[in-house]
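1. sequence first, predicted coordinates after that:
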Amino acid sequence: MLMKRFRTLLTLGGLLAGLPAAQAQYFGIKGGLNAAVLDGQQISQNTKYKTSFHGGVFYNYNLIGPLSLRPELQYSMQGSEFKSAQEDFTTKLHYLAIPVLLDLKIGPVHVQGGPQFGVLLRAEQDGKRFLGYSVSGDEEYGSVGGQITNQFKRQDFSLCAGAEIDLGRTFTVGGRFNAGLNDIADYKDIRSANDPRLKNRVIQGYLALRFGGDR
């Protein structure tokens with residue numbers, strides 16, 4: 001039984017190796033929109049998706065047949081909108097993201113998936129918070145804003161899945177979902193069991209421009 005399976009794997013490997021390279025080496029630039037939210041546990045506010053953007057570069061290295069390796073380097077603005085009866089603010093997270101994906105080409109369609117490592121460059125907050133009532137009984141709000149980088153961990157690990165469609169030899173259009181795996185909240189001074197556990201969730205849509213190679 002083991003030898004039979006081994007022969008089957010060898011046969012499949014031979015078939016893949018015999019296929020022409022469906023996508024040779026090339027590089028490109030890409031950019032598009034993010035719909036990002038911070039999801040997780042023990043969040044006292046309602047979180048909503050925030051629209052932002054991303055952009056970067058990528059390289060496609062053909063491994064075997066229609067299968068390629070696709071490392072990328074991109075700047076990605078993420079975060080979320082938080083809203084409750086006492087708070088209404090936006091958190092912006094600026095990441096340097098490095099996806100390393102496998103790309104399977106089926107006709108004009110590329111199916112992609114793999115891990116992503118992110119480095120937080122800066123975190124900002126902007127909005128308002130309920131302070132109390134004035135002497136006349138009116139609600140009073142104060143603004144919240146500024147950098148809050150120290151409230152978040154610098155590293156983020158995600159899994160990515162998506163697809164692209166070739167628009168001729170030069171352009172592609174694609175979409176991707178990035179699901180964060182680790183808690184990125186870092187409240188070092190007030191850490192307790194009731195602190196929120198936050199994870200990145202990002203939906204991306206983009207246009208890519210490719211250069212070089214036999215595509």
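-> Happy to help now that I have it.

2. pull out the buried positions in the strand ranked longest in the chain.
-> Criterion DSSP state E: the longest strand present in the chain is strand 109-133. Buried residues in strand 109-133, counted by 16 or more other Cβ atoms under 10 Å: His110, Gln112, Gly113, Gly114, Gln116, Gly118, Leu120, Ala123, Glu124, Gln125, Gly127. The C-beta positions use only the backbone N, C-alpha and C, and glycine is treated the same way.

3. give me every residue that touches the fourth one.
-> The reference is to Gly114. Gly114 makes contacts with Arg70, Pro99, Val100, Leu101, Leu102, Leu159, Cys160, as judged by Cβ atoms under 8 Å, 6 or more residues apart in numbering.

4. tell me the phi and psi of Thr170?
-> phi -110, psi -40 (degrees, to the nearest 10).

5. wait, isn't it in contact with Gly212?
-> No - here Thr170 does not reach Gly212: they are 10.8 Å apart, not a contact under Cβ atoms under 8 Å.

6. any of the contacts of Gly114 buried? List them.
-> Among the contacts of Gly114, those buried by neighbour count (16+ other Cβ under 10 Å) are Arg70, Pro99, Leu101, Cys160.

7. tell me the one among those residues nearest to Arg197.
-> Nearest to Arg197 among the buried ones among the contacts of Gly114, counting by Cβ to Cβ, is Cys160 at 20.9 Å.

8. how about the secondary structure of the closest one?
-> strand (DSSP: H, G, I helix; E, B strand; the rest coil).

9. measure it to Ser143 for me?
-> 36 Å (Cβ to Cβ, to the nearest Å).

10. next one: Pro66
-> When distance is defined by Cβ to Cβ, Pro66 is 54 Å away from Ser143.

11. looking at the two, which one has more neighbours?
-> Each of Pro66 and Ser143 has its neighbours counted (other Cβ atoms under 10 Å); Pro66 has more, 19 against 10.

12. can you pull the pLDDT of the more buried one?
-> Per-residue confidence (pLDDT) for Pro66: 93.

13. isn't it right next to Lys105, touching?
-> Yes - with contacts counted by Cβ under 8 Å, Pro66 reaches Lys105, the gap being 4.4 Å.

14. any idea which residue sits dead centre in this protein?
-> Central residue of the chain (Cα atoms, centre = their mean): Asn178, 4.0 Å from the mean position.
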